[in-house]
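Trainee: From the sequence below, what's the structure:
(one chain, ligands or ions: 2)
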Amino acid sequence: MAGFEPRTCRLQMSAVQATIPFKVKKKVNINLKKDKIVDDTLKKKQKLRRKNEDYELTYGTENDCSPPKQAKVTDNSDDDVDKENSNDQNIIADNSIKPLVGREKEIAWLENYLLDHLDNEESASLYISGQPGTGKTASLTYILNIPKIRNGYKQVYVNCTMMKSAASIYSRICSELQLKTTGSTEKACLTAIEKYFKNNHKMILLVLDEIDQLDSKRQSVLYTIFEWPSVNRKLVLVGIANALDLTERSLPRLQARCSLRPRTLHFAPYTKQQIIDIFISVLEKEDRSNVFSPVALQLLAAKIAAVSGDMRRALDIGKRVIELAKRSKFSENHCVDSMMKDDSVTVELKQVLEVLDDVYGGGRKIENDVEEGLPMQQKLVLCSIMLMLTKGKNKDLVMGKLHDVYKRVARSRNIAPLDIGEMMSACSLLEARGALRAGVGAGAGAGAGRARRLRLQWDEAELLAALQDKPLLSAILNDVSCLSSS
Ligand SMILES: Nc1ncnc2c1ncn2[C@@H]1O[C@H](COP(=O)(O)OP(=O)(O)OP(=O)(O)O)[C@@H](O)[C@H]1O
Ligand SMILES: [Mg+2]
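Mentor: Ligands and ions are numbered 1, 2, ... in the order given. Predicted coordinates for the structure are as follows:
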């Protein structure tokens, strides 16, 4: 969708609270403790409505981790809902439905990539990275439902969050490929899969979502799987995770051999305009008469884009804002029924501010702190902490280790490093700002001197966004060479 036009921003949003697709496991919990009675009534009514309106992405259990169903807007009757559930239909049977707003380029690239390999019957591997809520799973879900890809490939989707062991991953692949195995052990499943590859089979599209959820022990399974495309024909493997460099960090052997190195595709955080466009498109589909004031949506989108570009978070906050607007309206007319029927609720700036304040704490702006409030040495300490937290193997923040990393960071930027006592003073100043907490842990666990433990108090995503804005600082965040002495 093109620009943000004030007229189109008088959006219809009432349905959002029941229908915005939220991913439960990563949901942020914010307690709006007001009006419990209203809340309960709302919940009951929403439950009733949800049957008709629900279009959440669904995530399976370990036994059922098929690809999430594509978000869908329905006005169907209960019968239709049942029919759809029982048939497990592909919802995007019609390619005329537009790709996800804001992800048109990535989707077009992916579609071409997959169709090319399908036409040439060529194996390949691809690694998709991107911060939480940047639409990776949603885009893949869309792609998997494009008729040519759905019909051309035998698709296997595995969400690794559900997988407890290598055996369960292989077993999941076996059951998707409908392979008979001699048992349920890792070896039996692996043998069955490898035997299947040797036969003449349809092109396979294997999607492993959230591969960073596998702990290091189970990550060895990734080596085996990422090696498959180089030794088998007709297999396209797509791995999805948050980290930009997961394959380099966790699977260095793959990088060493050209034939095994996966192509990469990065999903950047959503920009403010993309977030606005997505809201507009989601709400337009709802065809509701409620209203979201332009300035309120602008503010919400600007904040999310500055903090994380996370659409899951944006939709979650959108939902809360509407709940709040409805509550305010209720306090005016005191009638639950009319409140539920009333689509004319207007979300105003003050409601967005109130929820943002609740979510991000006191309206404090980390960007401002990083922009002008902090001396360079404190910024370097924060960057070193973020480097350790995002790229380090061991996420324990201990003063001595932090000083080692910080020294390398400072020297590599030609800045004279503080000694450990001075750095501890810098940490105390950061503590006073609420950025850190030192001496965390009970009793001896809290540590002293070099063994003193630290915890980042600021929101990691918000700090990362603020630091990434500055070229010098953002380079540090990716400088893994500062993590070790070698
Ligand atoms: N472009 C978009 N249009 C509409 N909804 C979107 C869009 N992008 C993301 N969403 C919604 O935001 C939520 C998060 O998206 P998704 O699950 O695809 O993120 P992700 O990148 O896979 O995140 P994670 O790394 O946490 O798995 C979903 O509810 C999804 O429907
Ligand atoms: Mg995902």
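Trainee: Which positions in stretch 382-399 come out as buried?
Mentor: Neighbour counts using 16 or more other CB atoms under 10 Å place 382-392, 397-399 of stretch 382-399 among the buried residues. In this view, the C-beta of every residue, glycine as well, is placed from N, C-alpha and C.
Trainee: then it to PDB, C-alphas only?
Mentor: Extracted in PDB, the C-alpha atoms of stretch 382-399 (Å, rounded to 0.1, in the frame of the first residue of the first chain):
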ATOM      1  CA  LEU A 382      26.900  -1.100  26.700                       C
ATOM      2  CA  CYS A 383      28.000  -2.300  23.200                       C
ATOM      3  CA  SER A 384      30.300  -4.800  24.800                       C
ATOM      4  CA  ILE A 385      27.400  -6.100  26.900                       C
ATOM      5  CA  MET A 386      25.200  -6.400  23.800                       C
ATOM      6  CA  LEU A 387      27.900  -8.100  21.900                       C
ATOM      7  CA  MET A 388      28.200 -10.700  24.600                       C
ATOM      8  CA  LEU A 389      24.500 -11.100  24.900                       C
ATOM      9  CA  THR A 390      23.700 -11.400  21.300                       C
ATOM     10  CA  LYS A 391      26.800 -13.100  19.900                       C
ATOM     11  CA  GLY A 392      28.600 -14.700  22.800                       C
ATOM     12  CA  LYS A 393      28.300 -18.400  23.600                       C
ATOM     13  CA  ASN A 394      28.100 -17.900  27.300                       C
ATOM     14  CA  LYS A 395      25.500 -15.200  28.100                       C
ATOM     15  CA  ASP A 396      26.600 -14.800  31.800                       C
ATOM     16  CA  LEU A 397      27.600 -11.200  32.400                       C
ATOM     17  CA  VAL A 398      30.500 -11.200  34.800                       C
ATOM     18  CA  MET A 399      32.600  -8.000  35.400                       C
END
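Trainee: Going along the chain, name the helices of the stretch 351-486 of the chain.
Mentor: 366-368, 376-391, 399-412, 420-432, 460-468, 471-477 (DSSP state H, counting those that start in this stretch).
Trainee: got those helices as CSV, with distance to residue 264 and mean pLDDT columns?
Mentor: What follows is the helices of the stretch 351-486 of the chain, written out as CSV (distance: least, CB to CB, whole Å; pLDDT from 0 to 100):
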stretch, distance to residue 264, mean pLDDT
helix 366-368, 29, 75
helix 376-391, 17, 92
helix 399-412, 25, 93
helix 420-432, 34, 84
helix 460-468, 19, 84
helix 471-477, 18, 87
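Trainee: what about these, which gets the closest to ligand 1?
Mentor: helix 460-468 (11.6 Å; CB to the nearest ligand atom).
Trainee: Against which helices or strands is that closest one packed?
Mentor: Secondary-structure packing of helix 460-468 (3 or more CB pairs under 8 Å, 6 or more residues apart in numbering; DSSP states H and E): helix 294-307, helix 366-368, helix 376-391, helix 471-477.
Trainee: make it 6 Å
Mentor: helix 294-307, helix 366-368 (3 or more CB pairs under 6 Å, 6 or more residues apart in numbering; DSSP states H and E).
Trainee: weakest of the ones you listed by average pLDDT?
Mentor: With a mean of 75, helix 366-368 has the lowest mean pLDDT of the helices and strands packed on helix 460-468.
Trainee: mind listing what's buried in that one?
Mentor: So for helix 366-368, counting by 16+ other CB under 10 Å, buried means 366, 367.
Trainee: re earlier: want to try a markdown table for the buried residues of stretch 382-399, with distance to ligand 1 as columns?
Mentor: Listed next are the buried residues of stretch 382-399 as a markdown table, based on distance: CB to the nearest ligand atom, whole Å:
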| residue | distance to ligand 1 |
| --- | --- |
| 382 | 24 |
| 383 | 23 |
| 384 | 25 |
| 385 | 22 |
| 386 | 19 |
| 387 | 21 |
| 388 | 21 |
| 389 | 17 |
| 390 | 14 |
| 391 | 17 |
| 392 | 20 |
| 397 | 24 |
| 398 | 29 |
| 399 | 32 |
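Trainee: Highest mean neighbour count out of the helices and strands packed on helix 460-468?
Mentor: Burial of the helices and strands packed on helix 460-468 is given as mean neighbour count (mean count of other CB atoms under 10 Å); helix 294-307 ranks first at a mean of 21.
Trainee: check whether the helix or strand just after it contacts ligand 2.
Mentor: With elements assigned by DSSP states H and E, the helix or strand that comes after helix 294-307 is helix 311-333. No - using CB under 5 Å from the ion, helix 311-333 never reaches ligand 2; the gap is at least 9.0 Å.
Trainee: Which elements pack onto helix 311-333?
Mentor: In terms of contacts (3+ CB pairs under 6 Å, 6+ apart), helix 311-333 is packed against helix 16-19, helix 349-360.
Trainee: Return the closest of the buried residues of stretch 382-399 with respect to residue 285.
Mentor: residue 390 (35.5 Å; CB to CB).
Trainee: Roughly how far does the closest one sit from residue 399?
Mentor: To residue 399, residue 390 is 19 Å away according to CB to CB, to the nearest Å.
Trainee: what about this protein, any weak spots by pLDDT?
Mentor: 1-98, 215-219, 249-260, 287-291, 330-344, 361-365, 372-373, 432, 439-448, 486 (pLDDT under 70).
Trainee: Okay, and residue 266 sits in which element?
Mentor: Using DSSP H and E, residue 266 falls in strand 263-267.
Trainee: Up against ligand 2, what does the chain have?
Mentor: 136, 137.
Trainee: how about a cut-off of 8 Å?
Mentor: 23, 132, 136, 137, 138, 209, 210, 240 (CB under 8 Å from the ion).
Trainee: Report how many residues lie close to the spatially closest residue to the fifth one that is not a sequence neighbour.
Mentor: The spatial neighbour of residue 138 that comes closest, neighbours along the chain excluded (CB to CB, 6 or more residues apart in numbering), is residue 100 at 5.7 Å. Neighbour count of residue 100, defined by other CB atoms under 10 Å: 19.
Trainee: list the contacts for residue 100?
Mentor: 135, 138, 139, 142 (CB atoms under 6 Å, 6 or more residues apart in numbering).
Trainee: filter these by proximity to ligand 1?
Mentor: 135, 138 (CB under 6 Å from any ligand atom).
Trainee: now, which of the contacts of residue 100 lie within helices?
Mentor: 138, 139, 142 (DSSP state H).
Trainee: Out of the residues you listed, which comes closest to residue 433?
Mentor: Closest to residue 433, out of all of the ones in helices among the contacts of residue 100 and judged by CB to CB, is residue 138, at 36.6 Å.
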